[in-house]
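Novice: Build me a model from this:
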Amino acid sequence: MIVADDIGIEEVHPDGRRTTGVKYILCDEDVEAIRQGYRCVNCQENFNEAFPEACMVCGFPCREKQSEMFARIYVGHVPGARTGIDVEAEADRMEAEAERRAFEERTNIRVVIGKSLKKEHRA
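Specialist: Numbers count the residues shown, from 1 in each chain. This is a model prediction of the structure:
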């Protein structure tokens, strides 16, 4: 999940305070959890049961208002939106890091990645 200010929206709270709106960019699983009532549409808290009476964190009346709020604010799939880590790429990176560390421990040779050992020669 990515959270960013949405300066195109101004929220007016019951006490009269005005704040910048918030834009959530969610993966498909997070959207489904909200749609099915297992996550608060207001604060993103996860629930053990679908549509509790109220969110235990922010107090939002989930059972009464969640479906209505979701229908009002959900804008659909945003093409090209990235919601976080590419899990496959991160797994590959972690595996390569583990292999590098094992090599360094076995051989006592340090591997420097991304730095050229050659000096530039200028004419």
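Novice: Low-confidence ranges, this structure, go.
Specialist: Within the chain, the segments meeting pLDDT under 70 span 1-9, 11, 13, 78-87, 111, 113-123.
Novice: ranges for the helices of it?
Specialist: Here the chain has its helices, by DSSP state H, at 28-35, 62-73, 87-107.
Novice: Give me the contacts around the shortest one.
Specialist: Read that as helix 28-35. Here helix 28-35 makes contact (C-beta atoms under 8 Å, 6 or more residues apart in numbering) with 1, 26, 39, 40, 41, 44, 46, 66, 70, 74, 83. In short, each C-beta sits where N, CA and C put it, glycine included.
Novice: Select, out of the helices of the chain, the one closest to residue 55.
Specialist: Each of these has some distance to residue 55 by C-beta to C-beta; the shortest is helix 62-73, at 5.6 Å.
Novice: Residue 62 against residue 40, yeah?
Specialist: Yes: using C-beta atoms under 8 Å, residue 62 is in contact with residue 40, at 6.3 Å.
Novice: who touches both of these two?
Specialist: Joint contacts of residue 62 and residue 40 (C-beta under 8 Å, 6+ apart) are 47, 55.
Novice: picking that back up, now render the helices of the chain as TSV, adding distance to residue 22 and mean neighbour count.
Specialist: Supplementary listing: the helices of the chain in TSV, determined by distance: least, C-beta to C-beta, whole Å; neighbours: other C-beta atoms under 10 Å:
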stretch	distance to residue 22	mean neighbour count
helix 28-35	14	15
helix 62-73	10	15
helix 87-107	25	10
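Novice: Now distance to residue 12 too, for the ones you listed, in TSV please.
Specialist: Formatted as TSV, these follow (distance: least, C-beta to C-beta, whole Å):
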stretch	distance to residue 12
helix 28-35	23
helix 62-73	15
helix 87-107	39
